[in-house]
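Colleague: I would like the atomic coordinates for the input below:
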Amino acid sequence: RFKRLQEIWSEKEEESKKDKQQMKELISDISHQTKTPIANLLLYTELLEERELSLENREYLTALGKQAEKLHFLIGALIKMSRLETGIITLPPKEQEVKELLAEVTGAYKEKAERKGLKLTDCSGPATAWFDRKWTAEAVGNILDNAVKYTSRGGIEVRTRRYELFTAIEVEDTG
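Modeller: Residues are numbered from 1 along each chain as shown. Just a heads-up that it's a prediction; the model follows:
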């Protein structure tokens, strides 16, 4: 009986490896097949922005550019999430100071916010948490980028909130 369980386990393990390989190939294919069309959409949008256009056409072009950027972001996020789920990418979290990470990320977006007349403020307090620095910085950066992009006036505040079991990063904007 134990031998049969080992056989079943081995079979399932092989199936899992095959499934992961197929998923890896699918992700690679999606990534490859979507990069060029999206890059072209963004390129042609930028080229059209340099031309003289009516106000109505400029609004359409702006909307097209925003949608192309959104699609680019969503496909990238889908690929990253799939790579995490299949174990292609692993996150090595370690206990670190959150405030240091937030100071770095908010510093990178401060100038962009100021160019729009926005005030980006890091109100985070000292707090440690277990996280992967690279991926957390990218996630917070994406949130700040959207906050700056879609906030027309006022400001954006970043802060930490400590709970018993975790530390939350909060981003609040007036947009």
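
Colleague: Please count neighbours and contacts with C-alpha atoms only from this point.
Modeller: OK.

Colleague: Return the distance of Lys18 relative to Lys12.
Modeller: 10 Å (C-alpha to C-alpha, to the nearest Å).

Colleague: Then Ala39?
Modeller: To Lys12, Ala39 is 40 Å away according to C-alpha to C-alpha.

Colleague: again, but for Glu46
Modeller: 50 Å.

Colleague: Now do the helix of greatest length in the chain: distance to the chain's middle.
Modeller: In the chain, with assignment by DSSP state H, the single longest helix is helix 2-49. Helix 2-49 sits 18 Å away from the centroid of its parent chain (C-alpha atoms, centre = their mean, to the nearest Å).

Colleague: And the average pLDDT for it is what?
Modeller: Averaging pLDDT along helix 2-49 gives 86.

Colleague: Packing partners of that helix?
Modeller: Under the contact criterion of 3 or more C-alpha pairs under 8 Å, 6 or more residues apart in numbering; DSSP states H and E, helix 2-49 touches helix 55-85.

Colleague: what element comes up after the helix it packs on heading to the C-terminus?
Modeller: Tracing the chain C-terminally past helix 55-85 and defining elements by DSSP states H and E, one meets strand 94-97 next.

Colleague: Who are the packing partners of that following strand?
Modeller: Partner elements for strand 94-97 (3+ C-alpha pairs under 8 Å, 6+ apart): strand 128-131.
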